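S.K.: here's a sequence, model it:
(chains A and B)
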Amino acid sequence: MSVLVYTESENGSFKKTAYEVASYAKGVADMMGTDVAAISFNANDAGDLGTYGVNRLHNVSDSKLDKFNAAAYANAIAQAAKTEGAKVVVISSSADSRYLGSLVSVHLEAGYVSNVTELPSSTDPFTVKRTVFTNKAFSNTAITTDVKLVGLSKNAYGLKENATECAVQSFEPSLTDNDFSVTVQSVDKATDKVTIADAEVVVSAGRGMKGPENWGMIEELADVLGAATACSKPVSDLGWRPHGEHVGQTGKPVASNLYIAIGISGAIQHLAGINSSKVKVVINTDPEAPFFKAADYGVVGDAFEVVPALIDKLKAFKAANA
Amino acid sequence: MKILVCISHVPDTTSKINFTDNDSQFDTSGVQFVINPNDEFGLTRAMWFKEKQGASVDVVTVGGAEVEPTLRKALAIGADTAIRVDTPAVDGYQVAKQLSAVVKDGGYDLVIAGRESIDYNGGMVPGMVAAMTGASFVNTCISLEIDGNNATAIREIDGGKETSTATLPLVIGGQKGLVEESDLRIPNMRGIMMARKKPLNVVPATDASSETNSVSFSKPEPKGAVTLVEADNLDKLIDLLHNEAKAI
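M.R.: Numbers count the residues shown, from 1 in each chain, chains lettered A, B, ... in the order given. Model (predicted):
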C-alpha cells in the first residue's frame, strides 16, 4: 500500500517536476505510514529520486514510449498502481501530466483532484486544498474513492530532501493497439529556451512595449535572469508574440518565484493567471495601473528607460555575486 | 460528421468571486454567466467544420434550467441542437459520466470540449469522456483538421507544439488557437431569432455518483501594499529582490 508517483523524464533524465512530486509523495506517505514507489518511462537510472524519498522505481523500457503517449503512459501508470496496491497516486500539473491524469483516473476509478497546493489536511477523509476560479480562491476537496489521484501544482510544494535508497526495477505493462490510437508525428520545441511552465523567473510584457520590434530588451532581461518570456493577452491577440506565451485566465497560469510585468496594466484575467507567483514586480508608466495593487514591488517609469537600466544593473549584480 | 461541443456555463471572466453558506457555496448573486472561453474556441471551430466540410453540430451541458441561456447563445452562434442533462454539475467525474452517456447515445464522430472550465479548472472532463467512450483523445489542442475519418491535431506542450494524428471518433480538449480570437462568433439578431426555434432537449441524468466533494472554499490572504522604488534607484530594487524577497 505505497504512494505511487509518476516521475517525468526527458532523454532519460528526470525533470525538476519529478523531484517535486516525489517530495510531495513522501510527505503523503509519511502521513499514511507507508513508503513511496515511482514509475517512469525510459529513465537511465534512479537519478536523485532516492534523495527525495522514493524507495523504488518501476522503470518502463520501451522504445515505443520514447515520445510521450498519454493513453499508453496512463495505462502503464494504472497497472503500476495496481501492482503496488497504491491508495494514492501523485502526478504533476505539467501539460503532459494533465493530459494523462483524467485517463489514469478512469483506469483506476480514482477520484482526481488537480491544482493541489498543499499536503492533505486529513487522510481520512482524504482532503486536499486546490486552487479554483483561476487562482482567485481555494477549495478544500475531499476525495471519496478508494484510490486517490492528486495533481500537484507547480512550485507549490518545493523540493524536500528525505534521503533513502532507491531500487530500480524493470516494469513491463501490458499495452494494446488502443493505447497507440494517437500517433505523435512531430515535436516542435525550442530546447534552448526556458519554458514558462518550468521557469523560476518569468519576464512578461504587454502593450506598453508598443510593438513586437521592441521585445529585444525583454528577451535580454530574461536572459540575464535565466527567465522565460511571457506576454499579456492583447499582445498575443495582436500577433506580437506566440499564443504559448499568453499568461492569464485563458492562457497559461504562472507559478514562478519571481514575475516581472512590464507595460501590463493588470486586467483581472491576467492577474488571475499570475496569482500563484510568489514575488511580483511591476514596471509601468501609469501609477494608477491596477497591477500595482497586486504587486510586491513597483517602479513607476518608462519601460524604454527602466528596462535597459535594469539590465545593466543586474549584469553588474551578477558579476559581483558570481 | 456528427460533432458534439461540450459547453460549460461559467462566471464571466471579470466576476468577483465570493462564497455563501459558511463558505461552502459559490455566491452567484450579481454574477453574469457565459460560455466557457475554452469552449467558445471549440464551438467556433465546429461551426467552421459545419460550413466548410459539412457537419451537424450539437451542444451539450450539464445543469439545471439556469444554464439554458448559455445553450441558447450557442444555438444563436449556429449550433443545430442543444442538449441539457438535467442535474446539477457536481464534479468532473460526474459531469464526464453524463456527457459520455450523451456521446454514446448520439454516436458522435468528434467531441470538442474546452481543456478546462475557468471556474473549477479541473481539466479532467475531456479526457474522462474519451476514456469512458473509448475514443482517442488529444488535450490542449490548438489546431484540428479532419479529412474523412482521419484527424490531424496540434497540441500545446510545455515550451512548444506537438503534432499528432488519430482516427475518429476523437475527443479533444481545446483552447485558444483552435481559432483566432478575432474569429469568435457573436450571435447576431437573425441567429438569436432562429435559436428560439431550435430544439433544446432536456434529458434525464444517468445514475452517476461523484468522486470528490468540495467541503469549503477560501480566498487568498489580502496582500500588503506595494513597495515603490524610484526609477532612478534600481539598485534598491535589486537589493530588495535579493535580500528581502530572496527572489534573485
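
S.K.: secondary structure class for residue A:149?
M.R.: Judged by DSSP: H, G, I helix; E, B strand; the rest coil, the three-state class of residue A:149 is strand.

S.K.: got the residues of the stretch 1-150 of chain A near chain B?
M.R.: Proximity of the stretch 1-150 of chain A to chain B is confined to A:68, A:70-71, A:94-96, A:98-103, A:105-107, A:109-115, A:127, A:131-145 under the rule C-beta under 8 Å from any C-beta of the partner chain. From N, CA and C alone the C-beta is placed, and that goes for glycine too.

S.K.: at 7 Å what do you get?
M.R.: Within the stretch 1-150 of chain A, the positions lying close to chain B (C-beta under 7 Å from any C-beta of the partner chain) are A:70-71, A:94-96, A:98-99, A:101-103, A:105-106, A:111-115, A:127, A:131-134, A:136-145.

S.K.: could you flag which of these are buried?
M.R.: Among these, those classed as buried by 16 or more other C-beta atoms under 10 Å in any protein chain shown are A:70-71, A:94-96, A:98-99, A:101-103, A:105-106, A:111-115, A:127, A:131-134, A:136-143, A:145.

S.K.: all strands for the stretch 101-250 of chain A, in order.
M.R.: With strands called from DSSP state E, counting those that start in this stretch, the stretch 101-250 of chain A shows them at A:111-116, A:122-123, A:126-132, A:137-143, A:148-152, A:167-170, A:182-189, A:201-205, A:228-231.

S.K.: ok, which of the ones you listed comes nearest residue A:250?
M.R.: Proximity to residue A:250 (C-beta to C-beta) singles out strand A:228-231 among the strands of the stretch 101-250 of chain A, at 13.2 Å.

S.K.: only C-alpha atoms, please: export stretch B:19-28 in CSV.
M.R.: Provided in CSV are the C-alpha atoms of stretch B:19-28 (Å, rounded to 0.1, in the frame of the first residue of the first chain):
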residue,chain,number,x,y,z
PHE,B,19,-18.9,32.4,-1.2
THR,B,20,-22.0,31.9,0.9
ASP,B,21,-23.4,29.4,3.4
ASN,B,22,-20.4,29.4,5.7
ASP,B,23,-18.1,29.4,2.7
SER,B,24,-19.5,26.2,1.3
GLN,B,25,-21.2,27.6,-1.9
PHE,B,26,-20.2,29.9,-4.7
ASP,B,27,-22.1,33.1,-4.5
THR,B,28,-23.9,33.5,-7.8
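
S.K.: burial check on the nearest residue to residue B:172 once chain neighbours are set aside, number of neighbours?
M.R.: Nearest non-adjacent residue to residue B:172, counting by C-beta to C-beta, 6 or more residues apart in numbering or on different chains: residue B:141, 4.2 Å away. By the criterion of other C-beta atoms under 10 Å in any protein chain shown, residue B:141 has 28 neighbours.

S.K.: same deal with the one 3 residues further on?
M.R.: Residue neighbour count, defined by other C-beta under 10 Å, stands at 24 for residue B:144.

S.K.: can you check residue B:221 too?
M.R.: Neighbour count for residue B:221, taken as other C-beta under 10 Å: 6.

S.K.: for the closest residue to residue A:66 other than its chain neighbours, give me its contacts.
M.R.: Spatial nearest neighbour of residue A:66, chain neighbours left out: residue A:42 (6.1 Å); criterion: C-beta to C-beta, 6+ apart. In this structure, residue A:42 makes contact with A:9, A:12, A:61, A:65-66, judged by C-beta atoms under 7 Å, 6 or more residues apart in numbering or on different chains.

S.K.: again, only this time at 8 Å
M.R.: By C-beta atoms under 8 Å, 6 or more residues apart in numbering or on different chains, residue A:42 lies in contact with A:9, A:12, A:59-63, A:65-66.

S.K.: those in strands, which ones?
M.R.: Cross-referencing these against strands under DSSP state E gives A:9, A:59-60.

S.K.: still on that earlier bit, make CSV from the strands of the stretch 101-250 of chain A and add distance to residue A:304 and mean pLDDT to it.
M.R.: Putting the strands of the stretch 101-250 of chain A into CSV (distance: least, C-beta to C-beta, whole Å; pLDDT from 0 to 100) gives the following:
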stretch, distance to residue A:304, mean pLDDT
strand A:111-116, 37, 97
strand A:122-123, 53, 97
strand A:126-132, 35, 97
strand A:137-143, 37, 97
strand A:148-152, 40, 98
strand A:167-170, 54, 97
strand A:182-189, 32, 93
strand A:201-205, 11, 96
strand A:228-231, 17, 95
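
S.K.: distance to residue A:214 for those strands - can I get that in CSV?
M.R.: Below are the strands of the stretch 101-250 of chain A laid out as CSV (distance: least, C-beta to C-beta, whole Å):
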stretch, distance to residue A:214
strand A:111-116, 34
strand A:122-123, 51
strand A:126-132, 33
strand A:137-143, 36
strand A:148-152, 37
strand A:167-170, 50
strand A:182-189, 26
strand A:201-205, 8
strand A:228-231, 12
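
S.K.: export the worst-scoring helix or strand of chain A on mean pLDDT to PDB, keeping only CA atoms.
M.R.: Every helix and strand in chain A was compared by mean pLDDT, DSSP states H and E; the lowest is helix A:268-274, with a mean of 89. The C-alpha coordinates for helix A:268-274 follow below in PDB (Å, rounded to 0.1, in the frame of the first residue of the first chain):
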ATOM      1  CA  ILE A 268      -8.400  40.800 -13.700                       C
ATOM      2  CA  GLN A 269      -8.000  38.000 -16.200                       C
ATOM      3  CA  HIS A 270      -4.200  38.500 -16.300                       C
ATOM      4  CA  LEU A 271      -3.900  38.800 -12.500                       C
ATOM      5  CA  ALA A 272      -5.800  35.500 -12.200                       C
ATOM      6  CA  GLY A 273      -3.100  33.800 -14.200                       C
ATOM      7  CA  ILE A 274      -0.200  35.000 -12.000                       C
END
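
S.K.: ok, and what's touching that helix?
M.R.: Outside helix A:268-274, the residues within contact range by C-beta under 8 Å, 6+ apart are A:133-136, A:204, A:232-233, A:247-254, A:259, A:261, A:264, A:280, A:290-291, A:294, B:13-14.

S.K.: now do 6 Å
M.R.: Residues from elsewhere that reach helix A:268-274, judged by C-beta atoms under 6 Å, 6 or more residues apart in numbering or on different chains: A:134-136, A:232, A:247-249, A:253-254, A:259, A:294, B:13-14.

S.K.: and residue 137, what does it touch?
M.R.: I went with chain A, as the question did not name one. Per C-beta under 6 Å, 6+ apart, neighbours of residue A:137: B:17, B:217, B:219.

S.K.: not quite, I wanted chain B
M.R.: Residue B:137 neighbours (C-beta under 6 Å, 6+ apart): B:127, B:130, B:171.

S.K.: those in strands, which ones?
M.R.: Applying DSSP E to the contacts of residue B:137, the entries found in strands are residue B:171.

S.K.: may I see the contacts of residue B:137 organised as a markdown table, with pLDDT added?
M.R.: Conversion of those to a markdown table gives the following (pLDDT from 0 to 100):
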| residue | pLDDT |
| --- | --- |
| B:127 | 98 |
| B:130 | 98 |
| B:171 | 98 |
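
S.K.: of the contacts of residue B:137, which are in range of chain A?
M.R.: By C-beta under 6 Å from any C-beta of the partner chain, the members of the contacts of residue B:137 lying near chain A are residue B:127.

S.K.: which of the contacts of residue B:137 lies closest to chain A?
M.R.: Set against chain A, the nearest of the contacts of residue B:137 by C-beta to the nearest C-beta is residue B:127 (2.9 Å).

S.K.: who are the contact partners of residue 149?
M.R.: Here I'm looking at chain A. So residue A:149 contacts A:89, A:105, A:110, A:112 (C-beta under 6 Å, 6+ apart).

S.K.: wait, I meant chain B there
M.R.: Residue B:149 neighbours (C-beta under 6 Å, 6+ apart): B:167-168.

S.K.: now the two most distant members of the contacts of residue A:42.
M.R.: Longest span within these, C-beta to C-beta: A:9 and A:63, 14.5 Å.

S.K.: isn't residue A:292 right next to residue A:300, touching?
M.R.: No. Using C-beta atoms under 6 Å, residue A:292 is not in contact with residue A:300, being 8.0 Å away.
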